[in-house]
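> What follows is a predicted structure for the sequence shown.
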Amino acid sequence: MAASLLLLFLLTCKTTALEVVPYTPRVSDMNMAGKITVSTFSLEWPKCVFDSFVSASDNIWLVITFANATTNFKNPTSIEKIPPYEDLYTTFAFMTMNSTLSQYPCTKGKETNVLRVGNEASCKNDDSRTYCNGPLPSAGPYRVKFLAMNSSGSKAETRWSSPIWLTKAKIWSTIDTWPGRRSGDMIVITVILSVLCGVVTIGFLSTVCYECFKRWRPGPPENQEEQAPEPFQGSRYDTHHIPPAPPGPPPPPPAADIPGPHHAL
């Protein structure tokens, strides 16, 4: 009887135990801007990791917790018990980035994609977005893992990542604004931009003042008649090197005064 109970207990533990995927999430080693900010961090793309443990119909979630809260996190037994983004402030953990096996294909070549945690600021206060990938509230540290689930509950999981620290925002009073701490190139660029802004401002003000002066300058009195301009008088020019033309011959007498042949007889 005792042997039967022990066998039943072992079978139950075997069926309820999760498969451990031999993979540890980590921050991407790609050289990229904004890899870690004050509220986000970028994880390595887990390609060719879940193929042997997850089927096409399973869901793959990302679990985010504070580093000191991993031991208190319990894998959900159903979709309804998945902790949402709002639980990060109460239970110090939440799940997001619901995906499937097709989104992590086992492809060849260098992978250029990353998983950016905390990148959805738009759904931070949206109650309809239960599984929001909202911004992280502090510098951490945080730890993450991937958890695969099916209709029966949790199925497989990866190992927890190492603690991940975010960038801490500087207090404004601690920022050194002394010009001597700046590089020579920055000082030169600042001086040039300041001079250009001053020149443009002076030119603009001069143009405005000139237009205002033209508009408000007083004109001639209304009762004063405008004097008509004097006509142009040019001096006469005589050419002395050319003699005057001689007078023409007198015109011929009229035809009635000329005697005809019968008058001679």
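Cool, got the structure.
> what sits against Val117?
Shown in contact with Val117 (Cβ atoms under 8 Å, 6 or more residues apart in numbering): Thr40, Phe41, Ser42, Leu43, Leu62, Ile64, Thr96, Met97, Asn133, Leu136, Tyr142, Val144. To be clear about C-beta, it is placed using only N, CA and C from the backbone, and glycine gets the same treatment.
> again, 7 Å this time
Residues near Val117 by Cβ atoms under 7 Å, 6 or more residues apart in numbering: Thr40, Phe41, Leu43, Ile64, Asn133, Val144.
> quick one: which of those is most hemmed in?
Neighbour counts for those, by other Cβ atoms under 10 Å, peak at Ile64, which reaches 27 neighbours.
> Distance from the chain centre to stretch 74-89, please.
Averaging C-alpha positions (Cα atoms, centre = their mean, to the nearest Å) puts stretch 74-89 34 Å from its chain's average.
> and which of the contacts of Val117 is nearest to Leu115?
Ranked by distance to Leu115 (Cβ to Cβ), those are led by Leu43 at 4.2 Å.
> that's a strand at that closest one, yeah?
Yes - counting by DSSP: H, G, I helix; E, B strand; the rest coil, Leu43 is part of a strand.
> looking at it, it is touching Met30, isn't it?
No - using Cβ atoms under 7 Å, Leu43 makes no contact with Met30, being 10.8 Å away.
> what is in contact with the two at once?
In contact with both Leu43 and Met30: Val114, using Cβ under 7 Å, 6+ apart.
> Longest helix in the chain, please.
When the chain is parsed with DSSP state H, its longest helix is helix 184-216.
> now, among the contacts of Val117, which is nearest to Asp87?
Ile64 (10.4 Å).
> strand partners of the host helix or strand of the closest one, parallel vs antiparallel please.
Assigned by DSSP states H and E, Ile64 belongs to strand 59-66. With DSSP bridges as the test, strand 59-66 is paired with strand 93-99 (antiparallel), strand 142-150 (antiparallel).
> what residues does the shortest one touch?
Where contact means Cβ under 7 Å, 6+ apart, the residues beyond strand 93-99 that reach it are 59-65, 69, 73, 82-85, 87-88, 115, 131-133.
> Tell me the buried residues in that strand?
Neighbour-count burial for strand 93-99, counted by 16 or more other Cβ atoms under 10 Å, picks out Ala93, Phe94, Met95, Thr96, Met97.
> Equivalent analysis for stretch 25-36, please.
Pro25, Val27, Ser28, Lys35, Ile36.
> Hmm, the third one is touching Arg116, no?
No - counting by Cβ under 7 Å, no contact exists between Ser28 and Arg116, whose distance comes to 9.3 Å.
> okay, and the common contacts of those two?
Listed as contacting both Ser28 and Arg116 by Cβ under 7 Å, 6+ apart are Ser42.
> list the contacts for Cys51?
Quick fix: residue 51 is Asp, not Cys. Contacts for Asp51 (Cβ under 7 Å, 6+ apart) come out as Cys106.
> Does it lie in a helix or a strand, and which?
Applying DSSP H and E, one finds Asp51 in no helix or strand.
> Pull up the gap between it and Cys209, please.
Computed as Cβ to Cβ, to the nearest Å, the Asp51 to Cys209 distance reads 75 Å.
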